[in-house]
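Engineer: Mind folding the following:
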Amino acid sequence: MSARLLTTIAQVREFTGVARRQGHVIGCVPTMGDLHAGHGALIERARTECGSVVVTVFVNPIQFDRQDDYERYTRRLEGDLEFCAARSVDAVFAPAVEEMYPEPMATFVDVPDLARHLCGEFRPGHFRGVATVVAKLFHIVQPDAAYFGEKDAQQLAIIQRMVRDLNMAVRIVPVPTVREPDGLAMSSRNRRLSPEERAAAPVLYRALRAAENAVVTGERDAAKVKSAALGVIAGEPAMRVEYLEVVDAMMQPVAEVSGTVRLVAAAWLGQTRLIDNLACEDQRRREHRPGR
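Structural biologist: Numbers count the residues shown, from 1 in each chain. Next comes the predicted model:
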């Protein structure tokens, strides 16, 4: 069965209205298309939990800090429709830019405390664009649950906070990062890597694993944890680190590892920007839990 293609807001509201009257739980998977197995994991999770699944495919212009990056972003709607049909998606909402932004935006959603560091520091306005378009999609689709990958940890944290602060009636479901056999986190941008760059790319994951190992074996100084990761990356001269940090649940860098932290990184190979992260728990906290 093919996924129904919806291109207007009115069509989406009609579709979800019928689904809701039929008693379906509605799940939404927001994407920018060029779908891969990472998106597939989101869809499959939504399919197991929801009676109707809507995948949105929209390359959102207001979240790009560079026009050339927006223009280069891969668009392959026919392939995305086939991908969704193979996973029993009920509908794909793929609007034109003019449908989502019929006039210049005068209203934006911003979560500055979570957005000012990490990717937000290097991509000005990016997360304001993300939060704004996700808020619009939630108002259009009105899902009961929405599914986001943990690979984009900062984006996930921002969406979770936006939903809490604005009392949005949607449950945000995090889905673990899907990786290639060599550890590289799946991303549409991986297609841009040359064969040589693709061979080098897994060093980012290996670096995060080295930092994780430092924490697990007792290191509490965040600077030394970072050094463990940077030492691994130093062995791959083609990779240029944009940031590598140890952060708390609010995406704020920490000086000392305590409780659960996240190891987050962004790096460049040629003209391709990669991001990745790992959650890591202070072993002292685990050892002192009640019942252990």
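Engineer: residue boundaries of the strands in the stretch 1-150 of the chain?
Structural biologist: Taking DSSP state E, counting those that start in this stretch, the strands of the stretch 1-150 of the chain run over residues 4-6, 26-31, 52-57, 91-93, 145-149.
Engineer: can you give me the helices for this protein?
Structural biologist: 9-21, 37-49, 67-72, 77-86, 97-100, 112-115, 119-122, 126-141, 153-165, 195-200, 203-216, 222-233, 283-287 (DSSP state H).
Engineer: Run through the bridge partners of the residue lying closest to F15 once chain neighbours are set aside.
Structural biologist: Leaving aside its sequence neighbours, F15 sits nearest to A91 (Cβ to Cβ, 6 or more residues apart in numbering; 5.4 Å). Backbone N, C-alpha and C define where each C-beta goes, glycine included. Following DSSP bridges, A91 is listed with bridge partners R4, V54.
Engineer: thinking again about what came up before, okay if I get the strands of the stretch 1-150 of the chain as TSV plus distance to G231, mean neighbour count and mean pLDDT?
Structural biologist: What follows is the strands of the stretch 1-150 of the chain, written out as TSV (distance: least, Cβ to Cβ, whole Å; neighbours: other Cβ atoms under 10 Å; pLDDT from 0 to 100):
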stretch	distance to G231	mean neighbour count	mean pLDDT
strand 4-6	49	18	98
strand 26-31	35	26	98
strand 52-57	40	27	98
strand 91-93	44	25	98
strand 145-149	28	23	98
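Engineer: Can you lay out those as a markdown table showing distance to Q155?
Structural biologist: A markdown table is the format used below for the strands of the stretch 1-150 of the chain (distance: least, Cβ to Cβ, whole Å):
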| stretch | distance to Q155 |
| --- | --- |
| strand 4-6 | 24 |
| strand 26-31 | 10 |
| strand 52-57 | 15 |
| strand 91-93 | 19 |
| strand 145-149 | 7 |
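Engineer: Can you report how many residues neighbour the residue nearest to C84 when sequence neighbours are not counted?
Structural biologist: Distance criterion Cβ to Cβ, 6+ apart; nearest residue to C84, sequence neighbours excluded, is A3 at 4.2 Å. Counted by other Cβ atoms under 10 Å, the residues lying close to A3 total 21.
Engineer: ok, T177 - contacts?
Structural biologist: 38, 149-151, 185-186, 276-277 (Cβ atoms under 8 Å, 6 or more residues apart in numbering).
Engineer: Likewise for L230?
Structural biologist: L230 touches 207, 241, 244, counting by Cβ under 8 Å, 6+ apart.
Engineer: just A207 next, same as before
Structural biologist: So A207 contacts 229-230, 232-233, 244, 265 (Cβ under 8 Å, 6+ apart).
Engineer: Excluding chain neighbours, give the residue nearest to V264 in space.
Structural biologist: The shortest distance from V264 to any non-neighbouring residue, by Cβ to Cβ, 6+ apart, is to N277 (4.3 Å).
Engineer: distance of that neighbour from D110?
Structural biologist: Computed as Cβ to Cβ, to the nearest Å, the N277 to D110 distance reads 22 Å.
Engineer: ok, now G51?
Structural biologist: 34 Å.
Engineer: what's the answer for F58, then?
Structural biologist: For F58 relative to D110 (Cβ to Cβ), the value is 20 Å.
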